[in-house]
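Enquirer: sequence first, then the predicted structure, then my questions.
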Amino acid sequence: MAIIRRSPTGLLTSVRSVLTGGFRQHNSLTTDLIENMDKKETWDRFYRENNAKRDFKNFEWFFGFDSVRDFILPLLRPQSDSATLRRILDLGCGTSALGPGIYKHSDWPVDVTCADISPVAVQLLQEQARSKPIQPGNPSSRLSFLELDCCRLQTQFGEQSLDVIVDKGTTDALLRSREGRPKAGSVLKQCLGVLSQSGCLLQFSDEDPDARLLWLERESGGLGAQAARIGLQEVGTLRGVCYYCYIISPPVHCDTSTPP
Ligand SMILES: C[S@@+](CC[C@H](N)C(=O)[O-])C[C@H]1O[C@@H](n2cnc3c(N)ncnc32)[C@H](O)[C@@H]1O
């Protein structure tokens, strides 16, 4: 019963779809996935076992690039004629094809970093890109891979150094873990710190707006003039579960200084 309370339908659906892929015997992995999705060891084991027998195949926790491309690609348009690369982070990329998809399909120049706490996932994704090089949509675009605990985001990325952060299921994983909630709050605050003023964080999630919007408002500094701006769009339904895109932008800093 306790497990069900901590694990809304979408999570159970995802875990079940993993189990039907030949993991039924690994009961401790199932428990880990339900309780410890904030732990590196859980994910190392998940990606190792998921890739033990088969040729590499991108694993999507839910939805692939095609389902979310229309939320992401329009944000990559350069802000001015002289603008340089738009800097994109796939936060908790796993072995998803999302980051490589952005690199491949963006006509505008992008610098995409795929980052995950699991070195197993990062290595698998990197090896795949090496063995089957992806043609970028723009010749100036870049794609890189990084082992990173997103709780330490600000040690890796400077203030206002990113334009778009994409989080597909990563905050969900932290929020639904036994010890992950404080980490999720810290990651959100750090995302807002490393995003440029015109940047945004996209969280793809199955969490109900009643719960997620309240959490986002609280953790990003509440309401008022200095609050982050939060929007919401429906992505679609998968296996009977509705998914959303939460769009979070840093607070607008008005320059109140008197001109000389
Ligand atoms: C639910 S999976 C989603 C993976 C991928 N985004 C997808 O859509 O398939 C959550 C991912 O978050 C990663 N993760 C969990 N905690 C993390 C942390 N503290 N820092 C970076 N990545 C983390 C896991 O390794 C896992 O790949």
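Expert: That came through fine. The shown structure was predicted, so the numbers you read here are calculated from the model rather than taken from an experiment.
Enquirer: dump the residue contacts of residue 197.
Expert: By CB atoms under 8 Å, 6 or more residues apart in numbering, the contact list for residue 197 reads 160, 250, 252, 253. Backbone N, C-alpha and C define where each C-beta goes, glycine included.
Enquirer: which of the residues you listed are buried?
Expert: residue 250 (16 or more other CB atoms under 10 Å).
Enquirer: can you name the two of the contacts of residue 197 that are farthest apart?
Expert: Greatest spatial distance among those (CB to CB): 160 and 252, at 13.0 Å.
Enquirer: residue ranges in the stretch 1-150 of the chain under the pLDDT threshold?
Expert: 1-26, 54, 81-83 (pLDDT under 70).
Enquirer: which parts of it are strands?
Expert: In the stretch 1-150 of the chain, the strands defined using DSSP state E, counting those that start in this stretch lie at 86-91, 110-116, 142-147.
Enquirer: now swap in the stretch 151-260 of the chain and tell me
Expert: 162-168, 195-205, 229-238, 241-249.
Enquirer: most packed of these?
Expert: strand 162-168 (a mean of 25; mean count of other CB atoms under 10 Å).
Enquirer: in space, what's closest to residue 41 - neighbours in sequence excluded?
Expert: In space, residue 41 comes closest to residue 32 once its chain neighbours are excluded; the distance is 7.8 Å by CB to CB, 6 or more residues apart in numbering.
Enquirer: wouldn't the one you found be in contact with residue 44 here?
Expert: No - checked against CB atoms under 8 Å, the pair residue 32 and residue 44 is beyond contact range at 10.5 Å.
Enquirer: that older thread, residue 209 is nearest to which of the strands of the stretch 1-150 of the chain?
Expert: strand 86-91 (20.6 Å).
Enquirer: neighbouring strands of the closest one in the sheet, and parallel or not?
Expert: Partners of strand 86-91 in the sheet, by DSSP bridges, are strand 110-116 (parallel), strand 162-168 (parallel).
Enquirer: circling back to that earlier point, using a markdown table, lay out the strands of the stretch 151-260 of the chain together with distance to the ligand and mean pLDDT.
Expert: What follows is the strands of the stretch 151-260 of the chain, written out as a markdown table (distance: least, CB to the nearest ligand atom, whole Å; pLDDT from 0 to 100):
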| stretch | distance to the ligand | mean pLDDT |
| --- | --- | --- |
| strand 162-168 | 4 | 98 |
| strand 195-205 | 8 | 96 |
| strand 229-238 | 12 | 96 |
| strand 241-249 | 11 | 97 |
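Enquirer: any chance of these in JSON lines, plus distance to residue 50?
Expert: Listed next are the strands of the stretch 151-260 of the chain as JSON lines, based on distance: least, CB to CB, whole Å:
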{"stretch": "strand 162-168", "distance to residue 50": "17"}
{"stretch": "strand 195-205", "distance to residue 50": "20"}
{"stretch": "strand 229-238", "distance to residue 50": "19"}
{"stretch": "strand 241-249", "distance to residue 50": "21"}
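Enquirer: out of the ones you listed, flag the one nearest residue 150.
Expert: strand 162-168 (8.6 Å).
Enquirer: contacts for the closest one?
Expert: 61-63, 68, 72, 75-76, 86-92, 96, 98-99, 102, 191, 194-196, 198-204.
Enquirer: ok, now with 7 Å
Expert: 61, 72, 75-76, 86-92, 96, 98, 191, 194-196, 199-204 (CB atoms under 7 Å, 6 or more residues apart in numbering).
Enquirer: chain center to it, what's the gap?
Expert: 7 Å (CA atoms, centre = their mean, to the nearest Å).
Enquirer: cool, stretch 61-76 as well?
Expert: The answer for stretch 61-76 is 11 Å, by CA atoms, centre = their mean.
Enquirer: with distance to residue 175 added, can I get the strands paired with strand 86-91 in TSV?
Expert: Output for the strands paired with strand 86-91, formatted as TSV (distance: least, CB to CB, whole Å):
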stretch	distance to residue 175
strand 110-116	17
strand 162-168	11
